[in-house]
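A.B. asks: sequence? don't have it. structure:
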């Protein structure tokens, strides 16, 4: 009398492992793309909220407000790379540097998930003035990108009037954002 055998044969186990490997091969890249897109969207929202809050505060208090890249969350770094964070503060003394007694409106922590944020060359800080716009000069373009490559990069363009719009970066800006340094 033979007892029925339970368990898997080696072939059945190998087929099951192959199916799992194929499923993971499809799911992991898809998850990575979704996670990268989420981090990029979050960075775009955080930057937009910071810029709008700075403009609002400037108009309501009749004080210049500075938004700048900041690696330490307290002072402007003077860099076009905003990946490590930024600050927004009321510039009461007009020296464009955050000092004692000046209200810190926003402190953005470093971006997550391999997301990078760069501003137009030479635009390391934005000053909002009480009349409702940014200081004279050209528009500032923020390029936001992640590990999905230059084709997925996006921009936020801030006009001197304070108007903010989304756009598509130049190929050079997208490449330099994805491969900063």
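C.D. replies: Yep, it's here. These figures come from a predicted structure and were not determined experimentally. Residues are numbered from 1 along each chain as shown.
A.B. asks: Let me see the contact set for residue 83.
C.D. replies: Residues in contact with residue 83 (Cβ atoms under 8 Å, 6 or more residues apart in numbering) are 110, 111, 115, 116, 117, 118, 180. Yep, even glycine has a C-beta here, placed from its N, CA and C like the rest.
A.B. asks: Sorry, slip of the keys, the one I care about is residue 166.
C.D. replies: Counting by Cβ under 8 Å, 6+ apart, residue 166 touches 44, 154, 155, 156, 157.
A.B. asks: do you know how far it is from residue 71?
C.D. replies: According to Cβ to Cβ, to the nearest Å, residue 166 and residue 71 sit 26 Å apart.
A.B. asks: residue ranges for the strands of this protein, please.
C.D. replies: Using DSSP state E, the strands of the chain run over 65-69, 86-90, 104-108, 116-119, 125-129, 133-134, 140-145, 154-158, 164-167.
A.B. asks: tell me which residues in stretch 105-120 are buried?
C.D. replies: 105, 106, 108, 111, 114, 115, 116, 117, 118, 119, 120 (16 or more other Cβ atoms under 10 Å).
A.B. asks: Check whether the second one really touches residue 50, as I assumed.
C.D. replies: Yes. Here residue 106 reaches residue 50: they are 4.7 Å apart, a contact under Cβ atoms under 8 Å.
A.B. asks: and for the two, which residues touch both?
C.D. replies: 67, 86, 88.
A.B. asks: Could you check stretch 17-33 and say which residues are buried?
C.D. replies: Buried, per 16+ other Cβ under 10 Å, within stretch 17-33: nothing.
A.B. asks: mean confidence score for it?
C.D. replies: For stretch 17-33, the mean pLDDT works out to 77.
A.B. asks: Identify the residues contacting the residue most central in space within the chain.
C.D. replies: What sits nearest the mean C-alpha location of the chain, by Cα atoms, centre = their mean, is residue 43, with 3.2 Å. Taking Cβ under 8 Å, 6+ apart as the criterion, residue 43 is in contact with 111, 115, 117, 144.
A.B. asks: Out of these, which comes closest to residue 19?
C.D. replies: residue 115 (33.7 Å; Cβ to Cβ).
A.B. asks: just how off-centre is stretch 40-60 within its chain?
C.D. replies: Chain-centre distance of stretch 40-60: 12 Å, with Cα atoms, centre = their mean, to the nearest Å.
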